[in-house]
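>>> Here you go, sequence then predicted model.
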Amino acid sequence: MLQLPHGFQISAGDTVVATLLARPDTHILLFAGQKLIQRSEGPPALTRHDYGALLDGAAWHACEPLGTWQGRPWLAIGLDTLPPTGTFPASGATSSSHAIPGSSTPTIDAPAVGTSAISTSAISISASGTHATGVSLPPGWEAAGLRSWFGRLPDGLAAIAMQASQLLEWVRTHRWCGACGVPTMRVPGERAMQCPRCGLRNYPRISPAMMVLVTRGHELLLASNVNFPPGRYSALAGFLEAGESIEAAIRREVAEEVGIQVHRPRYFGSQSWPFPHSLMIAFTAEWLAGDIHVDPTEIRDARWFSPDALPELPPANVSISQALVEHVAHQLRQGHSR
């Protein structure tokens, strides 16, 4: 499953952005709305030099420090508008080596970075509240949702992009106070936005969600969500309601989606999930009573599977689901009861 690279140190949000922009080794992830802008083929674009004059000619609504990895800072930039397509650099520029998280090789080829300081005077920070959607890019570049990049980018880079997406969306949706409507201000030393009039303070939103794999004897309950490709199954999942414990959410969601009762929930693990800003908390649970009756608005099919005859699961390098299913299936094959 996707996780931030080992040794990645998350920024507290108080880093001076201008300082990071002036560093030629700063790695940048560029977004238009919720779409990541990257090269369609070849090594990923990671530095300001990679993106060429794009950043000097575009209007930005957010510039968020992400953290550091192997001594290099990481920065997420959210665009409101794009400059003419001719300002993008060509795909086959002269290269030098830069480490990339999650890659099977320690270095990638990236366009050479100059040593002169980068001026920040050309940066346009937009307060319009809009964001780039209909992005027109030249050949060799692509703007696509994060799911489209899974499997195409190294896992570590995809995980950092997940973090970047959540922070940029938080900034974009909290530029005005939700109570009185005036523009918000950044809180010095914290990753927070505060209203200068009423004092309402907002931090990056994290929405807890549960995932649960239900067992019955030596069988596993898996479901095919209506949004899944046909034939793909996973453990059940859903968001917590206000005032609800995770254990209560497990019982409610299982009953709502497949009509059975469960008990004995056990924690398995967790994963950050940026759709839209979740923390997926995975459990196992045991069947208690009832027969399967699916909610057709959410579930296409649900059934009991043998650990030796599992269906297609979500990709192992993306979701915690496959790790959860494979772990439990292995225990059942070894004769361990849940």
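Thanks, I have the structure now.

>>> Can you get me the start-to-end distance on stretch 278-298?
For stretch 278-298, the first-to-last residue distance is 18 Å (Cα to Cα, to the nearest Å).

>>> in that stretch, what counts as buried?
S278, M280, I281, A282, F283, T284, A285, W287, V294, E298 (16 or more other Cβ atoms under 10 Å). Bear in mind the C-beta positions are built from the backbone N, C-alpha and C, glycine included.

>>> Just list the residues touching the closest residue in space to P307 that isn't next to it in sequence, thanks.
Spatial nearest neighbour of P307, excluding adjacent residues (Cβ to Cβ, 6 or more residues apart in numbering): A329 at 3.7 Å. If a contact means Cβ atoms under 8 Å, 6 or more residues apart in numbering, then A329 has L220, P307, L310 as its contacts.

>>> what helix or strand is the first one on?
Using DSSP states H and E, the secondary-structure element containing L220 is strand 219-225.

>>> Repeat that for E257.
Using DSSP H and E, E257 falls in helix 246-258.

>>> Tell me the helix or strand right after the helix or strand where T284 lies.
T284 belongs to strand 278-289 when assigned by DSSP H and E. Next in sequence after strand 278-289, counting helices and strands by DSSP H and E, comes strand 299-305.

>>> mind listing what that following strand pairs with, with the direction of each?
Sheet pairing here is set by DSSP bridges, and for strand 299-305 it gives strand 219-225 (antiparallel).

>>> Report the buried residues of the strand it pairs with.
So for strand 219-225, counting by 16+ other Cβ under 10 Å, buried means L220, L221, L222, A223, S224, N225.

>>> okay but G238 is in contact with A248, surely?
No: proximity of G238 to A248 does not meet the contact threshold set by Cβ atoms under 8 Å, at 11.6 Å.

>>> Can you pick out the residue with more neighbours from these two?
G238 (17 against 14; other Cβ atoms under 10 Å).

>>> sorry, back to before: now the buried residues of strand 219-225 as CSV including distance to F268 and pLDDT?
Listed next are the buried residues of strand 219-225 as CSV, based on distance: Cβ to Cβ, whole Å; pLDDT from 0 to 100:
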residue, distance to F268, pLDDT
L220, 13, 98
L221, 15, 98
L222, 15, 98
A223, 17, 98
S224, 21, 97
N225, 19, 96
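
>>> Which of the buried residues of stretch 278-298 scores worst on pLDDT?
Among the buried residues of stretch 278-298, S278 carries the weakest pLDDT, at 92.

>>> before we move on, back to that, which SS class is the residue nearest to P307?
Look at A329: counting by DSSP: H, G, I helix; E, B strand; the rest coil, its state is helix.

>>> Just name the shakiest helix or strand of this protein by mean pLDDT.
Ranked by mean pLDDT, DSSP states H and E, the weakest helix or strand in the chain is strand 108-111, scoring a mean of 28.

>>> following the strand holding L220, which helix or strand comes up?
By DSSP H and E, the next helix or strand past strand 219-225 is strand 236-239.

>>> Show me how far that following strand is from its chain's centre.
When C-alpha coordinates are averaged (Cα atoms, centre = their mean, to the nearest Å), strand 236-239 and its chain have centres 17 Å apart.

>>> Check which helices and strands the biggest helix by length in the chain is in contact with.
When the chain is parsed with DSSP state H, its longest helix is helix 155-172. Helix 155-172 makes packing contacts with strand 27-32, strand 59-69, strand 72-81, helix 146-149, strand 261-273 when contacts are defined by 3 or more Cβ pairs under 8 Å, 6 or more residues apart in numbering; DSSP states H and E.

>>> List the strands paired with the next helix or strand after that helix, with their directions.
Using DSSP H and E, the helix or strand that directly follows helix 155-172 along the chain is strand 185-186. Applying DSSP bridges to the sheet, strand 185-186 is found paired with strand 193-194 (antiparallel).

>>> Quick check: can you name the pairing partners of the helix or strand following the partner strand and their directions?
Going down the chain from strand 193-194, the next helix or strand is strand 201-202, by DSSP H and E. Within its sheet, strand 201-202 is paired with strand 193-194 (antiparallel), according to DSSP bridges.
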